[in-house]
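In: Everything below, folded, please.
(one chain, ligands or ions: 2)
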Amino acid sequence: MQAFVKFGKEPGQAAVAEVPRPVPGHGEVLIKVAGCGICGSDLHAYNSDPGYEWVTPPVILGHEFAGVVMETGPGVDSRWVGGHVTVMAIQGCLRCPACLAGNSHLCPERKVIGLHFDGAMAGYVVSKADQLLPLPSNLDLSLAPLVEPVSVALHALRRVVIRPGDKVAVSGPGPIGLLCASLAKLHGAQVLLLGMNRDAKVRLPAAQRLGLDTAIVEGESSEEVVRSHFGPGMADLFIEASGSAAALKTSLGLVHRGGVILVVALYNQEVTWFPSPAVRDELSLLFSYASTRQDYLQAINLMAEQAIDFSVLAQNFPLDKAEEAFQEALGGQLLKPVLVL
Ligand SMILES: [Zn+2]
Ligand SMILES: [Zn+2]
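Out: Numbers count the residues shown, from 1 in each chain. Ligands and ions are numbered 1, 2, ... in the order given. Okay, here's the model as predicted:
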């Protein structure tokens, strides 16, 4: 079968290659992949960025995917065969206190399919049966790789309370920022999505198609932009989804007293700030990472209901154009590239 393999430790050492089809072992199933999204962490692994030294080549990338179960290994209920499924991207041991509390994304032994071991940028992938999630037949399999990013946005918003009419500013119009903004709008919030000049071509127009208000903050003070949109009270909630250390630092000045800052991005730089004003303003600074099984189930329902036009986010590439898709994604001019099989 064809697969996109990170074959060496050097940046960009990844290519489409012919590899043997995997065989499901005890407790595992074989899935024929329908589509697999390219995520920011795949780009970091592709580039061998600092913080990704634990990715050991050769490994087939891909953790945001959906497909059809073709075969079950020993010890697995054969009724899975023929079922449409997605798979938990971050896989816990399912035995520790975090896993038993439903927080397998916080498991001390967590592993990511497609980074720690072979993933789904391939014709077929093997997965543990206890990490599967069944998909309803009315959810388009080619869109279902978006279940993972939707679950991440749902998980983030579960960290906060959003009431109708709340003022929510979101920085970073990548897939997670767009999804957080769209979901906050579904909750009845007034939402402003902030981007940079480079987002004017693809990402901000996509946001507008989703019915979101947008603004460009490059060369302008974000305080001024947020104040002129929401009025002197500033935002109730600021969601930082851009991954820019500067944007995170500024975010403390964009909410009113008692406001909340929710951080869902990852950063490649340290952030320093003087804490006393935030203490006096009694700000809440929250962090959110990945998602739980419960978030996946909610994401699947939301996508099956077509609560948002999720197709705006996906851009399809055939698997043999994976390298081109990675290069384009690195240029920041795509939303969610999906390799379709
Ligand atoms: Zn991901
Ligand atoms: Zn665990």
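In: What residues of stretch 179-190 count as buried?
Out: 179-185, 187, 189-190 (16 or more other Cβ atoms under 10 Å). For every residue, glycine as well, the C-beta is placed using N, CA and C.
In: Just put these in CSV and tack on pLDDT and secondary structure.
Out: As requested, those are arranged in CSV below (pLDDT from 0 to 100; DSSP: H, G, I helix; E, B strand; the rest coil):
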residue, pLDDT, secondary structure
L179, 97, helix
C180, 98, helix
A181, 98, helix
S182, 97, helix
L183, 97, helix
A184, 98, helix
K185, 97, helix
H187, 94, coil
A189, 98, coil
Q190, 97, strand
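In: mind putting those residues in TSV, distance to L254 included?
Out: Listed next are those as TSV, based on distance: Cβ to Cβ, whole Å:
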residue	distance to L254
L179	20
C180	15
A181	15
S182	20
L183	19
A184	15
K185	18
H187	19
A189	15
Q190	14
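In: got a list of what the residue nearest the centre of the chain touches?
Out: The chain has P149 as the residue nearest its centroid, 3.3 Å off, counting by Cα atoms, centre = their mean. Listed by Cβ atoms under 8 Å, 6 or more residues apart in numbering, the contact set of P149 reads 37, 39, 64, 175-176, 179, 313, 336.
In: cool, and L319?
Out: 2, 4, 16, 121-123, 339-341.
In: coming back round to it: the residue nearest to the centre of the chain belongs to a helix, doesn't it?
Out: Yes. Using DSSP: H, G, I helix; E, B strand; the rest coil, the assignment for P149 is a helix.
In: Can you tell me how far it is from S142?
Out: Distance of P149 to S142, computed by Cβ to Cβ, to the nearest Å: 15 Å.
In: Report pLDDT for the residue lying closest to H256 once chain neighbours are set aside.
Out: Sequence neighbours aside, M234 is the residue nearest to H256 in space, at 4.6 Å (criterion: Cβ to Cβ, 6 or more residues apart in numbering). Model confidence at M234, given as pLDDT, is 94.
In: quick one: M234 and L254 touch, right?
Out: Yes. Contact criterion Cβ atoms under 8 Å: M234 and L254 qualify, at 5.9 Å.
In: more neighbours, those two?
Out: Ranked by neighbour count (other Cβ atoms under 10 Å), M234 and L254 place L254 first, with 24 against 19.
In: Run through the residues that contact the more buried one.
Out: Counted by Cβ under 8 Å, 6+ apart, L254 has contacts 169, 222-223, 226, 234-235, 238.
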